[in-house]
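**Q** below are the sequence and a predicted model; questions follow.
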Amino acid sequence: MNAVRRSPVLLPVMWLAVTLVVLAAPYAGLLDESWTHQLILVALLALIVSGLNISFGHAGELSFASAAMYGAGAYVSGYLAMEVLNDFALALVVSAVVGLLLGLLTGVPGLRLGGWMLAVASFFLVLLVPDVVQIFSEQTGGNQGMSGIPLPELFGFELGDTGLYVVTVLVTSAWFALFRNLVVSRLGRSLTVLRESPVLASSLGISVFGLKLKAYALSGLPAAMAGTIFAYLNGFNAPGSFGIELTMAVLTASILGGSRSVYGVFLGAAVMQLGPMRTTAFGDYALIAYGVLLVIVGVLIPGGIVGLVRRRRRTAQPATTAAGQAEATARLTMPGRRLEVSGVSKDFGGVRALTGAGFVAGPGEVVALIGPNGSGKTTLLNLISGFYRVDAGTVRLDGVTVSGRPAAAVARAGVRRTFQTPLIPGMSVREVVASGRFSLDRAGIVATVLRLPRYRRALRRDRAAADEMLAAAGLSGVAAHRADALPLGTRRVVELARALAGEPAVLLLDEAASGLDEKEVAALAALVRAVRDGGGTVVLVEHDFGLVRSLADRVVVLSQGQVVTEGTPAEIAVHPEVLQHYLGAPGGVEARA
Amino acid sequence: MFASIVSGMALGAVYALVAVGYNLTWLTGKAINFAQAGFAVAGMFLAVWCYGQGLSPVAVFAILVAAGGLVATVEYVVALRPLRGRGEHAELITTLGFSTIIQGVILLFVSDDALRVPFFGPEQLIDVPGGRIAPVELVLVAVAVVVGLGAHLWATRTRSGLAALAQSEDRDAALVLGIRPERISFVVFVVSGVLGSVMAPLAGPKTFAAVALVSLLAIKGFVVLALGGVGSLLGALVGGLAIGVVEAVVVRLTDAAFQNIAVFGIFIVTLLVRPRGLFGERKERYV
């Protein structure tokens, strides 16, 4: 999966070959008319399911809107063909736009709360189909249905039944190529990060709402295009074709084929279309069967059939080893910025966590925050990185106020961090490290799915930066391993490498050394020193005073949400108040360190 | 107009009862039962059948309690218990699956026609300004108020209610204090299922029994949840009645086709303007 490098032309050539074979099949007498009809239906279902997979499988937001988008595409296309201009391409484009707009209409409010509410908003959209059709009954034919949709034309040529098959195969093939490129891309990986941890995504500069909205709006596009084909195929639209039952079939097909898969979509769609959906006897039992399937699949196999296969392959991988020794000579260039925290306060429902705390960290400097548990160290980091909003005070980067901005915006301004419990998504180590750069090179969706030079350049820079950081952190040996399966110490180093790949103006480390063995601590310390020597600004929350002594240029001592004192490690080590508050024992520092 | 408002409040009472059911399982188990409305609609069909057998209202209620409790137990064991500690949407999918099964069973054994559900009390319409209202409509509103307020008082004032809420916030702490989280979640789940089925003899005469009602009631229940605030039992009551009234007014002033669209509009505006709902709590994100 990871290590094997295939030829870059293999996939496009295979793609073309399969498309041509499917296209030629009816002309070679392999498929009769009833089979081409069935294949078109499979393709339609596959298109709709691929949309659901973007929002549900990849962005992690369950949406039922497919049926509504499908219906919108079908009605709009039917109306265009009968009243405006009968052109397949025009109908396809207009449908796609309508699908996107409907996605925005339900996505913007639905995603505000996340989880349930998008599912409900999209479900509601489907229930409204008959009402909307009724309101526009002059155009849509109301409950009687919209009949008399002609066979499609394309640029003035009549397409006919076989022609419709050909354009359906072409549209499906083209869409799936784009869909595959979307899923297997930086954008696809940022969706993985988002799905597994919204907190991590925002700390990398990804706007959670923005990315989810993109994914959800995109998911309506193939469904609406499928609607165009459906209208031409049937010549007739009725509200009953776009109801909850279709949504259930789509959801079932998605789960069967694997909600995160690309090719599994065809499997799921074919099973549903050629199996249950074709038999009329199934009609009576359809809902019961869908329901049972949803329960079983929901309980037993979260990744669908394809997920099952993938998991088996994954467990067959050899066990991973810990990171190797970091190259001691690592040289990094890290232009840091001056971080000024002044007078910040924060309380949680009446509990004061911080009162007027402040400190300064400049480029080429390591500042350590120490203090007993509950003294506000992590709260302070969360305020700096924008996960909490300050009640009072400011956080500035080179004089520019960043407090008050959302976490993703703070991250984009250059603040990168690690977490007490490392947040590592299920990707390879190299991918995780490269993910630190998602918000740096922003290649748009179009550049991504078409693999334009802009996207390729971004990808090359990602690789180069990731390789540099992997080498500096001594992770080159495990670059292809799954990062989330690594031991804790290695995961911490991976997190640090990811933060560094993001070219941080300020680096925040939250207990980066806890749980590490001696060798790993030494490697970590070497890396932090390399960052400082390269001009970086580092803020470190750490309990191990020995490590603080060996790394920090200055130490800020917090107690009960206030800064008690600050100074060089040597000064702090003998400060009487610190001894009392933090170490709790006379002469304790020397004894412990 | 007065008659429309009362009639709307009665419809809203049905929504409120569904939303109270959602809230109970959410508050005590952090799971929402999509099939809640399915219990009510299946109960309506069951009640019609029982009346047809000549059973007394008391017997009908007893059968509904037993049936609701049994089906809810099955649902909990099959569709919810195996999911503990899984991702967010798992129970959405499995309870939706359960709701779909209920719809399928109704379609298979009964019909997809709407059935009239007789009211066991007086059916003589009452004259009021602007039209007439049925006694069952007044009963529905009263029951919704009693159930909504009762559930609210239980959750905020009683020992068992507070314990039930506490365990869903922090399982480990609850365990230490001798509360059994699993058991509370289960019991409350079954109680909400029973609430769903026993509301049927009251809701049915107002809404008619119809398969399509399962999805519609389920979704309107969610709109009420969003409007009132997820987790607020009082919000469910107020939000439900409010939405019912809006529907009635819209139908009176415009066309029936706008009834659901108006509710959708309320839903969208709520999410945009006040995502935590009327009575919801604001939550701080944490890392």
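**A** Noted; the coordinates are in hand. These figures come from a predicted structure and were not determined experimentally.
**Q** tell me which stretches of the stretch 401-550 of chain A form strands.
**A** For the stretch 401-550 of chain A, the strands defined by DSSP state E, counting those that start in this stretch occupy A:415-417, A:506-510, A:537-541.
**Q** get me the contact residues on the stretch 51-200 of chain A for chain B.
**A** A:56, A:60, A:62, A:105-106, A:108-110, A:112-113, A:115-117, A:119-121, A:123-125, A:127-128, A:131-132, A:134-135, A:199 (Cβ under 8 Å from any Cβ of the partner chain). (Each C-beta comes from the backbone N, C-alpha and C, glycine too.)
**Q** so which of those residues are in helices?
**A** A:105-106, A:108-110, A:112-113, A:116-117, A:119-121, A:123-125, A:127, A:131-132, A:134-135, A:199 (DSSP state H).
**Q** which among these end up buried?
**A** Burial by neighbour count, 16 or more other Cβ atoms under 10 Å in any protein chain shown: within these this picks out A:105-106, A:108-110, A:112-113, A:116-117, A:119-121, A:123-125, A:127, A:131-132, A:134-135.
**Q** tell me the secondary structure for A:L30?
**A** coil (DSSP: H, G, I helix; E, B strand; the rest coil).
**Q** let me know whether B:L92 touches B:N33 as I believe.
**A** No - the pair B:L92 / B:N33 is not scored as a contact, 10.0 Å apart, by Cβ atoms under 8 Å.
**Q** who has more neighbours out of the two?
**A** A direct count of neighbours by other Cβ atoms under 10 Å in any protein chain shown for B:L92 and B:N33 places B:N33 higher, at 31 against 20.
**Q** what sits against A:V97?
**A** The contact partners of A:V97, by Cβ atoms under 8 Å, 6 or more residues apart in numbering or on different chains, come to none.
**Q** now residue 139: which helix or strand?
**A** Using chain A here. Per DSSP states H and E, A:Q139 falls inside helix A:137-140.
**Q** meant chain B, my bad for not saying
**A** Here B:V139, judged by DSSP H and E, is contained in helix B:135-157.
**Q** and the one helix or strand B:T28 maps to, which residues are buried?
**A** Using DSSP H and E, B:T28 sits within helix B:2-29. Along helix B:2-29, these residues count as buried under the neighbour rule (16+ other Cβ under 10 Å): B:3-29.
**Q** where's the residue nearest to the spatial centre of chain A relative to A:S185, distance?
**A** Chain A has A:L191 as the residue nearest its centroid, 1.2 Å off, counting by Cα atoms, centre = their mean. Plainly put, A:L191 is 9 Å away from A:S185 if you go by Cβ to Cβ, to the nearest Å.
**Q** one more: A:D533?
**A** 35 Å.
**Q** for burial, what's the neighbour tally of the closest residue to B:R116 other than its chain neighbours?
**A** Distances taken as Cβ to Cβ, 6 or more residues apart in numbering or on different chains place B:F208 nearest to B:R116, at 6.0 Å, with adjacent residues excluded. Applying other Cβ under 10 Å, we find 16 residues neighbouring B:F208.
**Q** surely B:F208 is in contact with B:D113?
**A** No - counting by Cβ under 8 Å, B:F208 does not reach B:D113; the two are 9.5 Å apart.
**Q** got any residues that touch both of those two?
**A** Common neighbours of B:F208 and B:D113 (Cβ under 8 Å, 6+ apart) do not exist.
**Q** what's near enough to touch residue 151?
**A** Defaulting to chain A. Neighbour list for A:L151: A:158-161, A:164, A:232, A:235 [criterion: Cβ under 8 Å, 6+ apart].
**Q** wrong one, chain B
**A** Counting by Cβ under 8 Å, 6+ apart, B:A151 makes contact with B:20, B:23-24, B:233.
**Q** give me that answer again for 10 Å
**A** B:A151 sits next to B:20-21, B:23-24, B:27, B:161, B:191-192, B:195, B:233-234, B:236-237 when contact means Cβ atoms under 10 Å, 6 or more residues apart in numbering or on different chains.
**Q** repeat that for B:S215.
**A** Contacts of B:S215 (Cβ under 10 Å, 6+ apart): A:64, A:123-124, A:126-127, A:243-244, A:247, B:34, B:37-38, B:41, B:96, B:99-100, B:103.
**Q** check which element follows whatever helix or strand it lives in along the chain.
**A** Using DSSP H and E, B:S215 sits within helix B:212-228. Using DSSP H and E, the next helix or strand after helix B:212-228 towards the C-terminus is helix B:233-253.
**Q** coming back round to it: sort the contacts of B:S215 by pLDDT and name the bottom one.
**A** Here the lowest pLDDT out of the contacts of B:S215 sits on A:I244, with 82.
**Q** I figured it hits B:A212, correct?
**A** Yes - counting by Cβ atoms under 10 Å, A:I244 does reach B:A212; the two are 9.1 Å apart.
**Q** just want to know which of those two has more residues nearby.
**A** For A:I244 versus B:A212, the count of surrounding residues by other Cβ under 10 Å is larger for A:I244: 20 against 15.
**Q** any idea how far chain B is from the more buried one?
**A** Applying Cβ to the nearest Cβ, to the nearest Å, the value for A:I244 to chain B is 6 Å.
**Q** name all residues that make contact with that residue.
**A** A:64, A:67, A:123, A:126-127, A:129, A:287, A:290, B:100, B:103, B:212, B:214-215.
**Q** now residue 68: which helix or strand?
**A** You didn't say which chain, so I picked chain A. Using DSSP H and E, A:A68 maps to helix A:66-79.
**Q** chain B is the one I meant
**A** Per DSSP H and E: helix B:57-75 holds B:G68.
**Q** is that helix positioned near chain A?
**A** Yes - applying Cβ under 10 Å from any Cβ of the partner chain, one finds helix B:57-75 touching chain A at B:E75.
**Q** list the helices and strands the helix or strand following that helix packs on?
**A** Going down the chain from helix B:57-75, the next helix or strand is helix B:90-109, by DSSP H and E. Judged by 3 or more Cβ pairs under 10 Å, 6 or more residues apart in numbering or on different chains; DSSP states H and E, the packing partners of helix B:90-109 are helix A:116-127, helix A:244-257, helix A:280-300, helix B:2-29, helix B:36-52, helix B:57-75, helix B:212-228.
**Q** got the residues of the stretch 51-200 of chain B near chain A?
**A** So far as Cβ under 10 Å from any Cβ goes, the stretch 51-200 of chain B lies against chain A at B:75, B:78-83, B:86-108.
**Q** among the residues you listed, name the buried ones.
**A** Judged by 16+ other Cβ under 10 Å, buried ones among these: B:75, B:78-80, B:83, B:89-107.
**Q** which residue does the stretch 151-287 of chain B bring closest to chain A?
**A** B:L271 (3.7 Å; Cβ to the nearest Cβ).
**Q** low-confidence ranges in the chain?
**A** No chain was given, so I picked chain A. For chain A, the stretches flagged by pLDDT under 70 are A:1-6, A:114-115, A:280-281, A:301-330, A:581-593.
**Q** hmm, I had chain B in mind actually
**A** Applying pLDDT under 70 to chain B picks out residues B:85-89, B:282-287.
**Q** hang on, the earlier thing: buried residues, the helix holding B:G68. List them.
**A** Applying 16+ other Cβ under 10 Å to helix B:57-75 flags B:60-61, B:63-65, B:67-69, B:71-72, B:75 as buried.
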